[in-house]
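J.: Have a look at this prediction, sequence included:
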Amino acid sequence: MNITDLSSKKGLIIGIANNTSIAYGCARVLHEHGCTEIIATYQNQKAYSHLKEACDQIGLTNLIEFNYTDEESVANLFNYVKEQYGTIDFVIHSMAFADPQSLHGRVVDCSSHGFAQSANISCYSLIACAKQAEKIMPNGGTILTMTYIGADKVINNYGIMGPIKACLETTVAYLANELAQDKIRVFAISPGPIQTRAASGIANFDQLLNNAHLNSPMRRTVTIDEVGNLSAFLISNMSSGMTGQVIYVDGGYFLIG
Ligand SMILES: NC(=O)c1ccc[n+]([C@@H]2O[C@H](COP(=O)([O-])OP(=O)(O)OC[C@H]3O[C@@H](n4cnc5c(N)ncnc54)[C@H](O)[C@@H]3O)[C@@H](O)[C@H]2O)c1
């Protein structure tokens, strides 16, 4: 088994906003390891203008617009994937949303609508993807999502996304248990703070970055390529005996956070 050879793998990466996106780092690393059959999604035409050139640079040409609204939007996306590739080996789900009012307020003040919308987009969308992926992964595969330590510990300014990520992590555990019989392995990757478009929506995000620099055992932040490296390992056959975990790539911050 050669971990660096992902040339036999085909898959879907959801959530490229620009060349700082975690999804972009994953796509770049997978491509570097020989995975050329990747379909990647962007949310709307405005995003497309920001990412087209960057995606061209890494040989990522099969781009499709995907705006998650409900199960049907996911079914449509996977129909496209099926038309293109027939079957796939991996899905990377790298998307989350909370409206600013819910994100910036106290959890105790979050509205039912704000909570439900964030849970739907950030968590239920993974379930909808897994349901569709199961149909086109006859040989098994890997489903990855992105979480954050705010699921487990109270992190200032992370607000409602903390409970939502906790829901996501538990969803990963249940999906991993249910899909293991199909040889589909499911993981949550938990990166440390990275300056991305989504991160810029979190108040005082600079403090999280500084804290990682000052207090993580490795005394630094991580890069989107380091998240990509972990995704390559989890998609490769080298991780064949693993499923269901939350795996931190955060310079060891989880030890002390
Ligand atoms: N940046 C960090 O510090 C950090 C740390 C841990 C986890 N994460 C998680 O990583 C994932 C990716 O975020 P990122 O930091 O790369 O930011 P990003 O802004 O680059 O990516 C977020 C993506 O989510 C997509 N998205 C949001 N709502 C959507 C919808 N309704 N339909 C389709 N797509 C939608 C956006 O279009 C965007 O491409 C998120 O789940 C985020 O919570 C980020």
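T.: Thanks, I have it.
J.: can you list the residues of this structure near the ligand?
T.: Residues of the chain lying close to the ligand by C-beta under 6 Å from any ligand atom are 15-17, 21-23, 43, 47, 66-68, 94-97, 121, 146-148, 191, 193-194, 196-199. (Glycine included, C-beta is placed from N, CA and C.)
J.: Which residues are in contact with the nearest residue to residue 114 once chain neighbours are set aside?
T.: Nearest residue to residue 114, sequence neighbours excluded (C-beta to C-beta, 6 or more residues apart in numbering): residue 102, at 3.3 Å. Listed by C-beta atoms under 8 Å, 6 or more residues apart in numbering, the contact partners of residue 102 are 110, 111, 114, 115, 117, 118, 159, 160.
J.: Neighbour-wise, which one of these leads?
T.: residue 160 (25 neighbours; other C-beta atoms under 10 Å).
J.: just checking, it touches residue 109?
T.: No - the pair residue 160 / residue 109 is not scored as a contact, 9.4 Å apart, by C-beta atoms under 8 Å.
J.: show me what contacts the most centrally placed residue in the chain?
T.: Centre of the chain computed as the mean C-alpha position; nearest residue by C-alpha atoms, centre = their mean is residue 94, 2.5 Å away. Residue 94 is in contact with 13, 14, 15, 16, 21, 22, 23, 26, 144, 145, 146, counting by C-beta under 8 Å, 6+ apart.
J.: Assumed residue 39 was part of a strand.
T.: Yes - Residue 39 forms part of a strand when assessed by DSSP: H, G, I helix; E, B strand; the rest coil.
J.: hang on, isn't it packed against residue 79?
T.: No - in this structure, residue 39 is not within contact of residue 79 by C-beta under 8 Å, at 11.8 Å.
J.: Show me which of the two is the more surrounded one.
T.: Ranked by neighbour count (other C-beta under 10 Å), residue 39 and residue 79 place residue 39 first, with 22 against 12.
J.: Quickly note the distance from that one to residue 83.
T.: Residue 39 sits 10 Å away from residue 83, going by C-beta to C-beta, to the nearest Å.
J.: Please spell out which residues along stretch 155-172 are buried.
T.: For stretch 155-172, the neighbour count (16 or more other C-beta atoms under 10 Å) marks 155, 158-165, 167-169, 171-172 as buried.
J.: Which ones among these map onto helices?
T.: Among those, the members found in helices (DSSP state H) are 161, 162, 163, 164, 165, 167, 168, 169, 171, 172.
J.: how many other residues sit next to residue 124?
T.: Residues near residue 124, counting by other C-beta under 10 Å, number 18.
J.: Check what pLDDT it gets.
T.: Listed pLDDT for residue 124 reads 98.
J.: repeat for residue 86
T.: pLDDT recorded at residue 86 is 98.
J.: repeat for residue 2
T.: Note on residue 2: pLDDT of 62.
J.: List the residues that contact residue 118.
T.: Contacts of residue 118 by C-beta under 8 Å, 6+ apart are 96, 97, 98, 99, 102, 160, 161, 164.
J.: Just say helix, strand or coil for it.
T.: Secondary structure, three-state DSSP: residue 118 is helix.
J.: Can you report how many residues lie near residue 195?
T.: Residues lying near residue 195 (other C-beta under 10 Å) number 13.
J.: can you pull the contacts of it?
T.: Residue 195 sits next to 20, 205, 209 when contact means C-beta under 8 Å, 6+ apart.
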